[in-house]
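Enquirer: just a sequence and a predicted model for now, questions to come.
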Amino acid sequence: MGEAMKSIIQDNKECFISGRTDNLHSHHIFGGANRKLSEKYGLKIWLTAELHNMSNRGVHFDKDLNDLLHRAGQLAFERVHGTREEFLKIFGRNWL
């Protein structure tokens, strides 16, 4: 997956969890109805295929990993874009 990706969380193209640089997928931290918001606010990271959606350890199947990434995304939003109240208004939930 060679697309360029703007992220406020990562500068380097490497797995956010493992640091690996092979077999990477881009992942929108807040998906579904919030996917476009993740794109708009740079809430995207790189994950290996296994940690994305190609194994039961992947974020799409592992609630604990998904919650961890939601917390990281919210912290990044608050650091770069605005307050917790603004995050709640936009994303509708507090993960911290």
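Expert: Looks like it arrived, so ask away.
Enquirer: for this structure, what spans make up the helices?
Expert: Ranges of helices within the chain are 35-41, 49-52, 63-80, 84-91, based on DSSP state H.
Enquirer: most centrally placed residue in the chain?
Expert: The residue lying closest to the centre of the chain (Cα atoms, centre = their mean) is I29, at 2.7 Å.
Enquirer: which one is that one nearest to, not counting chain neighbours?
Expert: Ranked by Cβ to Cβ, 6 or more residues apart in numbering and with sequence neighbours excluded, the top spatial neighbour of I29 is G73, at 3.7 Å. Bear in mind the C-beta positions are built from the backbone N, C-alpha and C, glycine included.
Enquirer: so what's that neighbour up against?
Expert: Contacts for G73 (Cβ atoms under 8 Å, 6 or more residues apart in numbering) come out as I9, I29, F30, S38, L43, W95.
Enquirer: swap in H27?
Expert: K44, I45, W46, L47, H52, V59, L69.
Enquirer: closest to F87 out of these?
Expert: L69 (14.7 Å; Cβ to Cβ).
Enquirer: quick one: the closest one from H28, how far?
Expert: Between L69 and H28 the computed distance is 10 Å (Cβ to Cβ, to the nearest Å).
Enquirer: ok, the two, which is more surrounded?
Expert: More crowded of L69 and H28, by other Cβ atoms under 10 Å: L69, with 24 against 18.
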